[in-house]
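Undergrad: take this sequence and fold it.
(one chain, ligands or ions: 1)
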Amino acid sequence: MSWKMSEKLMDTIRHYASFPATGVSLRQMVQFGEKPSTGTLFRASQFLAEELPIRLAHRVQELDNLPDGLNEMPSVKKVQAWYAQSFEEITQLPRPHLPKDVRERLMRPSRSGKHAYLPEATPNPSIEEGQYASHNGASYASGLNHKKFSASRRYFAMVDDTGDWPPDLHLYNQKFAQTLHKIKRRHDSVVTTMAQGILEYKRKRQRMQIDHNIQSFLDRFYMSRIGIRMLIGQHIALTDQNHYRDPSYVGIICTKTYVKDLAQEAIENARFVCEDHYGLFEAPKIQLVCNPNLNFMYVPGHLSHMLFETLKNSLRAVVETHGQDKQEFPVTKVIVAEGKEDITIKISDEGGGIPRSAIPLVWTYMYTTVDRTPNLDPDFDKSDFKAPMAGFGYGLPISRLYARYFGGDLKLISMEGYGTDVYLHLNRLSSSSEPLQ
Ligand SMILES: Nc1ncnc2c1ncn2[C@@H]1O[C@H](COP(=O)(O)OP(=O)(O)OP(=O)(O)O)[C@@H](O)[C@H]1O
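TA: A predicted model of the protein is given here:
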């Protein structure tokens, strides 16, 4: 590793980590607009130039404080260095010197009055307060230099956009988005590398499972990663306005996510992976019951991930319970219900279920009934965490975090000896905050 963390950098990281993260709701991200102007984008860049380092700093510190020597594992150190390096890149990006009138104009709300200030996010219904919060948050912040952060501690305010903006602003926006892009790539393999770190720890300490502390650290850590990547992804997509965009998309959020189409695609992908893995001519069938017109505002990438992971689990259970040599398997059913509050997707399989004693374990990282955990090659599937069929025990816990991130949830009820029902609740009000506070 050529890059080194200096003491000075650690000091700055400690300072930022004393501020709490600011949660943003799906609705706020969308209301920010389809084609934000240079000025509005600049305000968003300013917000992120403070918010992202705060979030990254919390993770660097938490990684440092991991118990029982876990913080010393080479892969954990590697991940920590990525977070610190990204922190440094954002905080050191030179900001343009703006004349007073431009600075003032940036603080003036949009003339149109529409969404000049976005509504506050509401509490996340799936989360108990503080469940995914970092330990050192708000309580430390009060005594510190709050001034530095006060000007733009508001997610996306539309600014007065009459007339042109100085070219410096546009240039900074472009540079900022490039920096974010590089950071996003750097962090692509964080989940697999952390998984590797946990494996190193389990081997070194001869542990079979991880304890409660480490489990909740990982929950916080991966939840925070979802949030950071959401903000980064959204910002990159909004900055890059050159190519044609589907009008139903705002950044990576789709205001009309058609559940049936997406579920159908996830079914095909899961069946394909299953056929490939078990060498089957035809994977067990999956029946989908869903109103074809049902759509809502969501991040299609998140929904695909959750569906694919749970469907893969069902197919695996069905094939392994009934035997690979069967000609016909019981059909797995996917039922989509439309409520006022939630859209709920139930996935029912006849894959033999899970013993009641093992239910709490399915939510822990690294619990899997696959005998041999696949080799974690560092170059393995850099794009995101997607194991071929199964094997890391990350599918369910990570999917539940995705669901909870926007106020939904993932529940599992099993009948041992028969099958499993997974309920995927997706909150359609989308005004709830990220679960950080
Ligand atoms: N529908 C199901 N029926 C029976 N057992 C299941 C079902 N879903 C999950 N499980 C059990 O829970 C375990 C954990 O599932 P999880 O999706 O978290 O990890 P995995 O599938 O083993 O690996 P991956 O990280 O690749 O998803 C599985 O190994 C399996 O034993």
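Undergrad: what is the neighbour count of the residue of the stretch 51-200 of the chain found nearest the ligand?
TA: Nearest to the ligand in the stretch 51-200 of the chain, going by CB to the nearest ligand atom, is Ala195, at a distance of 8.6 Å. For every residue, glycine as well, the C-beta is placed using N, CA and C. Using other CB atoms under 10 Å, Ala195 has 22 other residues around it.
Undergrad: how about Ile236?
TA: 17.
Undergrad: ok, it to the ligand distance?
TA: 27 Å (CB to the nearest ligand atom, to the nearest Å).
Undergrad: ok, that residue - contacts?
TA: Applying CB atoms under 8 Å, 6 or more residues apart in numbering to Ile236 gives the contacts Ala177, Leu180, His181, Lys184.
Undergrad: how about those in TSV, adding secondary structure and neighbour count?
TA: What follows is the contacts of Ile236, written out as TSV (DSSP: H, G, I helix; E, B strand; the rest coil; neighbours: other CB atoms under 10 Å):
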residue	secondary structure	neighbour count
Ala177	helix	20
Leu180	helix	25
His181	helix	16
Lys184	helix	16
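Undergrad: residue in the chain nearest to the ligand?
TA: Gly395 (2.3 Å).
Undergrad: where does the nearest residue to the residue of the stretch 51-200 of the chain closest to the ligand once chain neighbours are set aside sit, in terms of helix or strand?
TA: Spatially, and ignoring its direct neighbours in sequence, Ala195 is nearest to Phe392 (5.7 Å; CB to CB, 6 or more residues apart in numbering). Phe392 belongs to no helix or strand when elements are defined using DSSP states H and E.
Undergrad: what do you get for Gln61?
TA: Take DSSP H and E as the rule and Gln61 turns out to sit in helix 38-64.
Undergrad: which helices and strands sit right next to that helix?
TA: Counting contacts by 3 or more CB pairs under 8 Å, 6 or more residues apart in numbering; DSSP states H and E, helix 38-64 is packed against helix 7-17, helix 74-91, helix 100-107, helix 167-186, helix 212-239.
Undergrad: tilt between it and helix 100-107?
TA: Put simply, helix 38-64 runs at 70 degrees to helix 100-107, going by axes from the mean of the first three to the mean of the last three CA atoms, to 10 degrees.
Undergrad: which stretches of the chain form helices?
TA: Remark: helices assigned in the chain by DSSP state H are 7-17, 26-31, 38-64, 74-91, 100-107, 138-141, 147-150, 167-186, 190-205, 212-239, 259-278, 300-322, 359-362, 395-405.
Undergrad: any idea which of those scores lowest on pLDDT?
TA: Of all these, mean pLDDT reaches its minimum on helix 138-141 (a mean of 39).
Undergrad: contacts only, for Lys346.
TA: For Lys346, the contact set (CB under 8 Å, 6+ apart) comprises Lys333, Val334, Ile335, Val336, Ala337, Asp421, Val422, Tyr423, Leu424.
Undergrad: equivalent analysis for Tyr367, please.
TA: Contacts of Tyr367 by CB under 8 Å, 6+ apart are Gln209, Ala358, Leu361, Gly393.
Undergrad: could you redo the last one with a cut-off of 6 Å?
TA: Taking CB atoms under 6 Å, 6 or more residues apart in numbering as the contact definition, Tyr367 lies against Leu361, Gly393.
Undergrad: give me the pLDDT value at it.
TA: If you check Tyr367, the pLDDT there is 71.
Undergrad: distance check, it against Leu93.
TA: 41 Å (CB to CB, to the nearest Å).
Undergrad: hmm, Asp349 is touching Gly419, no?
TA: Yes - assessed by CB atoms under 6 Å, Asp349 is found in contact with Gly419 at 4.9 Å.
Undergrad: of these two, give the one with the bigger neighbour count.
TA: Using other CB under 10 Å as the criterion, Asp349 and Gly419 rank with Asp349 on top: 29 against 22.
Undergrad: beta-bridge partners for that one, please?
TA: The partner list for Asp349 in beta bridges (DSSP bridges) reads Thr420.
Undergrad: and it, what is it in contact with?
TA: Ser314, Ala317, Val318, Thr332, Gly419, Thr420.
Undergrad: what's the burial count for the residue nearest to Ala195?
TA: 21.
Undergrad: could you find the closest non-adjacent residue to His302?
TA: Nearest one to His302, counting by CB to CB, 6+ apart, is Tyr402 at 4.7 Å.
Undergrad: tally of neighbours for that neighbour?
TA: Residues near Tyr402, counting by other CB under 10 Å, number 22.
Undergrad: what of Gly279?
TA: Using other CB under 10 Å, the number of residues around Gly279 comes to 7.
Undergrad: pLDDT wise, what is it at?
TA: Looking at Gly279, its pLDDT is 92.
Undergrad: look up the closest residue to it, ignoring the ones flanking it.
TA: Among residues not flanking Gly279 along the chain, Gln324 sits closest, at 7.7 Å (CB to CB, 6+ apart).
Undergrad: hang on, the one you found packs against Tyr278?
TA: Yes - if you go by CB under 6 Å, Gln324 and Tyr278 touch, sitting 5.1 Å apart.
Undergrad: ok, those two, which is more surrounded?
TA: Tyr278 (16 against 11).
Undergrad: can you name the residues that contact the more buried one?
TA: Applying CB under 6 Å, 6+ apart, one finds that Tyr278 lies in contact with Val319, Gln324.
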